[in-house]
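> everything below, folded, please.
(chains A, B, C and D)
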2 protein chains.
Amino acid sequence: MEKIQNSLRVSVEVNNVIFSFHEKSLKILLLKRADDPFAGKWELPGCYLEEEKTLEETAINILNRKAGISSAFLNQLGFFSDPDRDPRERVIGNSFIALIKYMDVGLNKEGDHLSWFAYTELPPLAFDHAAIIQIALEEMKFKLRFQPIGFELLPEDFTLTQLQRLYESVLEKPLDKRNFRKKILSLDLLEQSKDMTSEAEKRAATLYRFDKTKYVSLKEKGKKFTLY
Amino acid sequence: MEKIQNSLRVSVEVNNVIFSFHEKSLKILLLKRADDPFAGKWELPGCYLEEEKTLEETAINILNRKAGISSAFLNQLGFFSDPDRDPRERVIGNSFIALIKYMDVGLNKEGDHLSWFAYTELPPLAFDHAAIIQIALEEMKFKLRFQPIGFELLPEDFTLTQLQRLYESVLEKPLDKRNFRKKILSLDLLEQSKDMTSEAEKRAATLYRFDKTKYVSLKEKGKKFTLY
DNA sequence: TACCTTAGTGTACAAATTACCCCCTTAGCC
DNA sequence: GGCTAAGGGGGTAATTTGTACACTAAGGTA
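Numbering: from 1, shown residues only, chains lettered A, B, ... in the order given. Now for the predicted structure:
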């Protein structure tokens, strides 16, 4: 079939905003740029669209190659199309939000160039990546309240305190411990793991695990997930 | 500055899912294709990315040129990148949701090729546009419950019954009239217009108007908008 | 004027959210 | 071994929010 006439051809890239949670704070995984433009600044892990691959497949490849992550919860964030967002030439940016478990990242790949940053303490960023991250954060704050995505950021087995710290960090407000526990357990989405925390400091805590199957079936029955 | 090496250049297009509300049903504005591929099928109003324009600006141009719409509520929906979504060549699709007032569309432009369809009775669609619309509908169902976007689909002055019909149509369930009114008025986002419906059949109804300024200030104070 | 259609209203009950505090267990220190 | 510091874990009452439910009012049409 004939090619399309008069249509502009431009570069297309994928940028992943990779979130995880560690030590009481939501974190974002960034890469230090070696080369110009913006050498020395930090950027979102990304690459150009590959032939015969969808943008989703490209995003998964980025996670794999740049951070050694084999599985993640991926979600489209949006596109960024300012003609000058890349000083070299026009590049349409397509962004994903990836939620991963902190321990899944091997920080050895690409040496010191890969690093986690608390979302409140971001380094100088290249291109329009500061704006992309801003939008990703708003999206996270919104979605966390209506969709059970927080669990993707924690280890498979987690304590209720960990989960509460996560919500507190993202929503930027303290939550009442008893009310939080009552609410989250009443959602009937967590099952208790056999073990308690072992290497824990102080008193051991009960470990829970998110039951995704249960969530899907409850959702189909019209049950709503909302948390503060 | 030098161009980027080894980067694929592809076509980029914008497709708008244009929603409005009329006669008890959520509607989508579609265009009948004259030419191959998919001649005779219907498509989302769209065009290719223009030089020196953002995708947002391109989306506004589409609304203007294809439907004579001068103002709309625009929101990114997402991107579609299957390598075969256009049989002619690779085209990355970027979609917006546009919410407009039904009366704002001049259906004379482009003759009979432009037409509204109830979202439950869509005609055969070109490309992957059926999939795009499906995702747009899910987005609408979700957002309508947590963001005050329904008002964008109604005339500036509307009756509470109209608003209720809109929610019933999108959420696909009947709502209790008294509870709906109580709830919507308690949100304190509507102000009464001076007039009542005049050309109305039967008993005249009170007209209301959405106060966006009030919404923004209440939102900043932490007030949440949720509706069923 | 009878009848049909749409507008508009209140109350009682159930469910969800919020505010609020004390004791238990363990690790580390002396 | 005893003390202290740090985190784990549990319940109740007040308030707010959601839900179920039925009649009267106004206006148009036959």
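> anything in the longest helix along chain A near DNA strand C?
The residue-count maximum for a helix in chain A (DSSP state H) belongs to helix A:129-146. No - using CB under 7 Å from any atom of the strand, helix A:129-146 never reaches DNA strand C; the gap is at least 10.4 Å. Where you see a C-beta, it was placed from the backbone N, CA and C, and this is true even at glycine.
> the strands in chain A, which residues?
A:9-22, A:25-32, A:42-43, A:46-48, A:73-80, A:91-99, A:114-118, A:190-196, A:206-210 (DSSP state E).
> any chance of TSV for those strands, columns mean neighbour count, distance to chain B and mean pLDDT?
Below are the strands of chain A laid out as TSV (neighbours: other CB atoms under 10 Å in any protein chain shown; distance: least, CB to the nearest CB, whole Å; pLDDT from 0 to 100):
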stretch	mean neighbour count	distance to chain B	mean pLDDT
strand A:9-22	24	4	97
strand A:25-32	21	17	96
strand A:42-43	19	14	98
strand A:46-48	18	5	97
strand A:73-80	20	5	98
strand A:91-99	24	5	98
strand A:114-118	16	22	95
strand A:190-196	12	24	86
strand A:206-210	18	21	96
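> now the ones you listed as TSV including distance to B:Pro45?
Below are the strands of chain A laid out as TSV (distance: least, CB to CB, whole Å):
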stretch	distance to B:Pro45
strand A:9-22	21
strand A:25-32	37
strand A:42-43	35
strand A:46-48	29
strand A:73-80	18
strand A:91-99	20
strand A:114-118	41
strand A:190-196	46
strand A:206-210	41
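> out of those, which is closest to B:Leu74?
When these are compared by CB to CB, strand A:73-80 sits nearest B:Leu74, at 12.2 Å.
> give me the distance from that closest one to the chain's centre.
In terms of CA atoms, centre = their mean, to the nearest Å, the centre of strand A:73-80 is set 10 Å apart from its chain centre.
> A:Ile100: what's it in contact with?
Contact analysis of A:Ile100 by CB atoms under 8 Å, 6 or more residues apart in numbering or on different chains lists A:18-20, A:63, A:69, A:71-73, A:152-153.
> so how far is chain B from the closest residue to it other than its chain neighbours?
Nearest residue to A:Ile100 in three dimensions, chain neighbours excluded: A:Ala72, at 4.7 Å (CB to CB, 6 or more residues apart in numbering or on different chains). For A:Ala72, the distance to chain B equals 18 Å [CB to the nearest CB, to the nearest Å].
> and A:Asp36, by the same measure?
A:Asp36 is 8 Å from chain B, by CB to the nearest CB.
> helix or strand with the lowest mean pLDDT in chain A?
strand A:190-196 (a mean of 86; mean pLDDT, DSSP states H and E).
> outline the domain layout of chain A.
Here the domain parsing of chain A from automatic domain parsing is A:11-146, A:154-220.
> among the ones you listed, which comes closest to B:Leu185?
Between these, domain A:11-146 lies closest to B:Leu185; by CB to CB that is 24.0 Å.
> end-to-end on that closest one?
With CA to CA, to the nearest Å as the measure, domain A:11-146 spans 35 Å from end to end.
> my read: A:His159 touches A:Arg203, true?
For the record, residue A:159 is Thr, not His. No - here A:Thr159 does not reach A:Arg203: they are 10.9 Å apart, not a contact under CB atoms under 8 Å.
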